[in-house]
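Trainee: Provided below for reference: sequence and predicted model.
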Amino acid sequence: EARRGREAEAEGAVPGRGDADAGVCTALDGFAHALHLASAHGLRTEQAAFLAALVKWTALGTGERLRPRHLQGVRVLVAVALRDGNQLGAGWAPVLKCVSELNRLSMLAQGARSDAEALDAGGRDGSGGKAAAGGGAQG
C-alpha cells in the first residue's frame, strides 16, 4: 500500500489537485521536481532558491488572505519535505516555519487567542507581563 502511494506521488508531485487550476498545478509540479533534483544532486544554492520561492508561494506569515493556490503550495511544501527530507539540511527551517504558521492559523480559526491578545492580557493582570523571578538582584 505504501508503494502505491509512492507511485501515485511519482505520477504527479502536487497532491490533492481538486480546487486549484491547471496553471497553478503545473507551476507547483515544476517547483517540486526542481527541488527534488536540486536535493538529489546536492545543489544547495538552487535548492534554497526553489524552496524560498515555494515558501513565498504559500503566503504564510504575510497577512494575505489564503486562497486555494496558497494551500496547494503548502501541500507541495509538505510533500517535498516528506519526500526529500533527508537532503533538505538547512532547508528544514523555512518548512518548519510554514508548518508552525499554519498551526497558528488553525488554532486561531478554532478560537484560540492571538499572540497580541495573550500578551496584552498578561500586562493587565497586575504583574506587568513579567513572571516573578526568584533570587533576583536585591539591593
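Mentor: Good, I have the coordinates.
Trainee: gap between the most centrally placed residue in the chain and residue 77?
Mentor: Closest residue to the average C-alpha location of the chain: residue 98 at 2.1 Å, with CA atoms, centre = their mean. Residue 98 sits 6 Å away from residue 77, going by CB to CB, to the nearest Å. Bear in mind the C-beta positions are built from the backbone N, C-alpha and C, glycine included.
Trainee: now swap in residue 22 and tell me
Mentor: 20 Å.
Trainee: Longest helix in this protein, please.
Mentor: Secondary structure assigned by DSSP state H gives helix 68-88 as the longest helix of the chain.
Trainee: Between residue 98 and residue 77, which contacts overlap?
Mentor: 55, 58 (CB atoms under 8 Å, 6 or more residues apart in numbering).
Trainee: which residues in the protein form helices?
Mentor: 2-11, 22-40, 44-58, 68-88, 92-109, 115-123.
Trainee: Give me the neighbour count for residue 60.
Mentor: Neighbour count for residue 60, taken as other CB atoms under 10 Å: 24.
Trainee: Does it touch residue 102 like I think?
Mentor: Yes. Using CB atoms under 8 Å, residue 60 is in contact with residue 102, at 6.2 Å.
Trainee: overlap in contacts of the two?
Mentor: What both residue 60 and residue 102 touch, as defined by CB under 8 Å, 6+ apart, is the set residue 74.
Trainee: on that earlier part again, just put the helices of the chain in JSON lines and tack on mean pLDDT.
Mentor: Shown next, in JSON lines, are the helices of the chain (pLDDT from 0 to 100):
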{"stretch": "helix 2-11", "mean pLDDT": "46"}
{"stretch": "helix 22-40", "mean pLDDT": "90"}
{"stretch": "helix 44-58", "mean pLDDT": "91"}
{"stretch": "helix 68-88", "mean pLDDT": "90"}
{"stretch": "helix 92-109", "mean pLDDT": "88"}
{"stretch": "helix 115-123", "mean pLDDT": "71"}
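Trainee: separation between residue 89 and residue 103?
Mentor: 23 Å.
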